[in-house]
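[1] Could you work out the structure for the sequence below:
(chains A and B)
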Amino acid sequence: MRPSPTRDFVVGLFVLAGLGAVAYLSLQVGGLSYKGPGGLRLTAAFDQIGGLKARSPVVVSGVKVGQVTRIDLDDGLRARVTLEVDGRLKLPVDTSAAIRTAGLLGDQFVALEPGAEDELLKDGDPIDRTENAISVEGLISKFVTDGGSGAKPGSGSPNGGGGAK
Amino acid sequence: MRVRAVESVGFRALRFVEELGRMAHFSRRILGSLVTPPPRVRRFVDEVFDVGVLSVLLIGGSGLAVGAVLGLQGYNTLVRFGAEESLGSVVGLSLIRELGPVLTGLLVTGRAGSAMAAEIGSMVQTEQLDGLRMMSIDPVHLVVTPKALAMLLVMPLLSALFIVFGLVGGYLIGVNLLGVDGGVYVSGLEGSVDWSNDVASSLLKSVVFGALVGLIATYRGYTAEPTSEGVSAATTSTVVVASVSILVFDYFITALWGV
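    Numbering: from 1, shown residues only, chains lettered A, B, ... in the order given. Below is the predicted model:
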């Protein structure tokens, strides 16, 4: 083929378009993020994390400010969740972290509620006040076994009711 | 009689393994040419044009169509569960994880892979490769390697374009035709697609498929019988072998990705 500057230009356009598509899919759709000017890393320990997983959002006042980066067990066998949030956030040391569900059956996320102290959380600090995930099955089974008010449905007799003997 | 059948199975199996060995040897020659000067940039760019640019219409049209069908079928199924808001996720995940790399691989195999094999095969038949050898030019270095490398590079680009066109097709059908909310479509898509699980594996698959097709097409062309039937056989076996390999490798990459 005779070398042709038009053809080279078109090849260049094609490669740019392809790389642009890859970049769009990675950054915009896939959520790959270049690490901005220092994320703020915090840890929080929970007894129960429910369906929280890595990359679950971290939210302050409803606005997404970061993600969960790691979940593992600490020495006390509690779940230790590592969050990475925007480095510019100013969170007091008595900030609390709660695991909430988006809607009734949606994905779970960590909601941070800023406290009132003057001292701020630094990179690597633990969040002391945590609220566990609410487990819907736990609530239901509580209703079925204890009946909420202490009365077991179907065995009203205080003798422990043995049915028809 | 039965003994002969078993014998022929054994014979075929051994032939198959020998063929794999020859292909491995051939790929070693291609890799060797990559590091040997002079770099055939001109030919590489021309090959990228032939394989990539000339396939864009095919990939774009197919991507739009596949995305539109996904949007339609996805909507029809999801609406039964009241989950039509997740159409963006369904279309996006299907395209990115599987349909993008696999369908692009199959389409490119049919179009550019067969052309590559036929071109090299007819060069063999018309003794052009022998002519190169007489001029002390390695035909693998001049002809084969730029083609194989171009296929390797172009496949992920075409796959990404296919996926983007597919997302647009799904959007057009879901939002403009079927009434899914546009913002919900896009945010559902962005929320459920994960870079490391989905996009990265999609790119890896398309690179692997590009390498497979590049190797198979050039090998079949290079080892074609120097007759018209030989060239034709090389072309068809390229398409068959490359297509099946793509589908099989797709399974293994998908299965091993989570490990």
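
[2] Just list the residues touching B:Val91, thanks.
    Residues near B:Val91 by Cβ atoms under 8 Å, 6 or more residues apart in numbering or on different chains: B:67, B:70-71, B:74, B:166-167, B:170, B:174, B:189. Glycine gets a C-beta too; all of them are placed from N, C-alpha and C.

[3] Tell me the one of those residues nearest A:Ser61?
    Within these, the smallest distance to A:Ser61 is 25.6 Å, found for B:Leu189 (Cβ to Cβ).

[4] B:Ser89 is in contact with that closest one, correct?
    Yes: between B:Leu189 and B:Ser89 there is a contact at 6.1 Å, judged by Cβ atoms under 8 Å.

[5] more crowded one of these two?
    B:Leu189 (24 against 20; other Cβ atoms under 10 Å in any protein chain shown).

[6] Please, which helix or strand holds the residue of the stretch 151-259 of chain B found nearest chain A?
    Proximity of the stretch 151-259 of chain B to chain A (Cβ to the nearest Cβ) peaks at B:Leu157, 2.6 Å away. Per DSSP states H and E, B:Leu157 falls inside helix B:145-171.

[7] mind listing what's buried in that helix?
    B:145-167, B:169-171 (16 or more other Cβ atoms under 10 Å in any protein chain shown).

[8] Identify the residues contacting whichever helix or strand comes after that helix?
    The first helix or strand that comes after helix B:145-171 along the chain, using DSSP H and E, is helix B:182-192. The contact list for helix B:182-192, computed with Cβ under 8 Å, 6+ apart, reads A:28-29, A:31, B:85-89, B:91-93, B:167, B:170-171, B:174-175.

[9] What number of neighbouring residues does A:Pro126 come out with?
    Neighbours of A:Pro126 (other Cβ under 10 Å): 14.

[10] On the pLDDT front, check it for me.
    At A:Pro126, the model reports a pLDDT of 84.

[11] and A:Phe109, how many neighbours?
    Neighbour tally, A:Phe109, other Cβ under 10 Å: 18.

[12] Which phi and psi values does the residue lying closest to it once chain neighbours are set aside adopt?
    Nearest non-adjacent residue to A:Phe109, counting by Cβ to Cβ, 6 or more residues apart in numbering or on different chains: A:Pro57, 4.5 Å away. Per-residue torsions, A:Pro57: phi -70, psi 150 (degrees, to the nearest 10).

[13] just checking, A:Pro57 touches A:Val63?
    No: with contacts counted by Cβ under 8 Å, A:Pro57 stays clear of A:Val63, the gap being 9.8 Å.

[14] Between these two, which has more neighbouring residues?
    Legend: neighbour count by other Cβ under 10 Å for A:Pro57 and A:Val63, higher for A:Pro57 (18 against 8).

[15] Distance of the more buried one relative to B:Leu212?
    38 Å (Cβ to Cβ, to the nearest Å).

[16] is chain B contacted by stretch A:42-55?
    Yes: residues of stretch A:42-55 are located near chain B by Cβ under 8 Å from any Cβ of the partner chain, namely A:Arg55.

[17] average model confidence for that stretch?
    83.

[18] hmm, back to that, how far away from the center of its chain is the helix holding B:Leu157?
    Centre-to-centre, helix B:145-171 and its host chain are 9 Å apart (Cα atoms, centre = their mean, to the nearest Å).

[19] So which residues make contact with the biggest helix by length in chain A?
    Looking across chain A with DSSP state H, the single longest helix is helix A:5-23. Residues from elsewhere that reach helix A:5-23 (Cβ under 8 Å, 6+ apart): A:1, B:45-46, B:48-49, B:52-53, B:56, B:154, B:156-158, B:160-161, B:163-164, B:203.

[20] That helix versus helix B:145-171: what angle between them?
    60 degrees (axes from the mean of the first three to the mean of the last three Cα atoms, to 10 degrees).

[21] partners of the next helix or strand after helix A:5-23 in the sheet?
    Using DSSP H and E, the helix or strand that follows helix A:5-23 in sequence is strand A:40-46. In the sheet, strand A:40-46 lines up against strand A:79-85 (antiparallel), strand A:126-127 (parallel) (DSSP bridges).

[22] SS state for A:Ala111?
    strand (DSSP: H, G, I helix; E, B strand; the rest coil).

[23] Bridged to it, which residues?
    So, taking DSSP bridges as the rule, A:Ala111 has A:Val59, A:Ala98 as bridge partners.

[24] Quick check: it vs chain B, distance?
    With distances taken as Cβ to the nearest Cβ, to the nearest Å, A:Ala111 is found 17 Å from chain B.

[25] A:Ala102 is in contact with that residue, correct?
    No: the criterion here is Cβ under 8 Å, and A:Ala111 misses it with A:Ala102 at 10.1 Å.

[26] Between those two, which has more neighbouring residues?
    Counted by other Cβ under 10 Å, A:Ala111 and A:Ala102 do not tie: A:Ala111 has more neighbours, with 17 against 12.

[27] How far does the helix or strand hosting B:Ser243 sit from its chain's centre?
    In the assignment (DSSP H and E), B:Ser243 maps to helix B:228-257. Taking Cα atoms, centre = their mean, one finds the center of helix B:228-257 at 9 Å from the center of the full chain.

[28] Report all helices and strands that that helix contacts.
    Where contact means 3 or more Cβ pairs under 8 Å, 6 or more residues apart in numbering or on different chains; DSSP states H and E, helix B:228-257 is packed against helix B:100-108, helix B:114-125, helix B:200-222.
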